[in-house]
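A.B. asks: Show me the folded form of this:
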Amino acid sequence: QVLLVESGGGLVQDGGSLKLSCKASGFSFGSYYMGWFRQAPGKEREFVAVISVRGWSADYGDSVKGRFTISRENAVSTVYLQMNSLKPEDTAVYYCAAGTALQRSIATVDYWGQGTQVTVSS
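C.D. replies: Sure thing, here's the model as predicted:
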């Protein structure tokens, strides 16, 4: 059974930081690209970040570039999202994603987590 379990969401003030974690199980973590997407109320799910299988390269959505950092620890099947300089417009449910060819499109996602809420107050 594939599981992606996110944690670390919560309420933070404008300009604050949060670190999300996603623990994976049930598939070969070290063979999958891992990523994060987010969805705000009334909006489509959007790409946030993706990291390669060994963690050597990453790509970010334009709205988070320079503020968010994605990383992974293959030894513990976990991917992280460090979020700094948070803004109210970052408020959304954040979803962990896995895919053998994961890119910016949600069509490239093989597995989804259940999501974790991030709320940034102004």
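A.B. asks: From here on, just use CA atoms for contacts and neighbour counts.
C.D. replies: Fine.
A.B. asks: Strands of this structure, start to end?
C.D. replies: With DSSP state E as the criterion, the chain has strands at 3-7, 10-13, 18-25, 33-39, 46-51, 58-60, 68-73, 78-83, 92-99, 111-112, 116-121.
A.B. asks: Can you add mean pLDDT and mean neighbour count and give those back as a markdown table?
C.D. replies: Formatted as a markdown table, those follow (pLDDT from 0 to 100; neighbours: other C-alpha atoms under 10 Å):
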| stretch | mean pLDDT | mean neighbour count |
| --- | --- | --- |
| strand 3-7 | 98 | 19 |
| strand 10-13 | 98 | 15 |
| strand 18-25 | 98 | 20 |
| strand 33-39 | 98 | 25 |
| strand 46-51 | 98 | 24 |
| strand 58-60 | 98 | 18 |
| strand 68-73 | 98 | 20 |
| strand 78-83 | 98 | 21 |
| strand 92-99 | 98 | 24 |
| strand 111-112 | 98 | 17 |
| strand 116-121 | 98 | 20 |
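A.B. asks: Quick check: which of those strands is nearest to Ser105?
C.D. replies: Of all these, strand 46-51 sits nearest to Ser105, with 7.1 Å by C-alpha to C-alpha.
A.B. asks: could the strands of the chain be laid out in CSV, adding distance to Ser105?
C.D. replies: Shown next, in CSV, are the strands of the chain (distance: least, C-alpha to C-alpha, whole Å):
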stretch, distance to Ser105
strand 3-7, 19
strand 10-13, 26
strand 18-25, 20
strand 33-39, 10
strand 46-51, 7
strand 58-60, 12
strand 68-73, 17
strand 78-83, 18
strand 92-99, 11
strand 111-112, 13
strand 116-121, 20
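A.B. asks: what's the closest non-adjacent residue to Tyr94?
C.D. replies: In space, and not counting its chain neighbours, Tyr94 is closest to Arg38: 4.3 Å by C-alpha to C-alpha, 6 or more residues apart in numbering.
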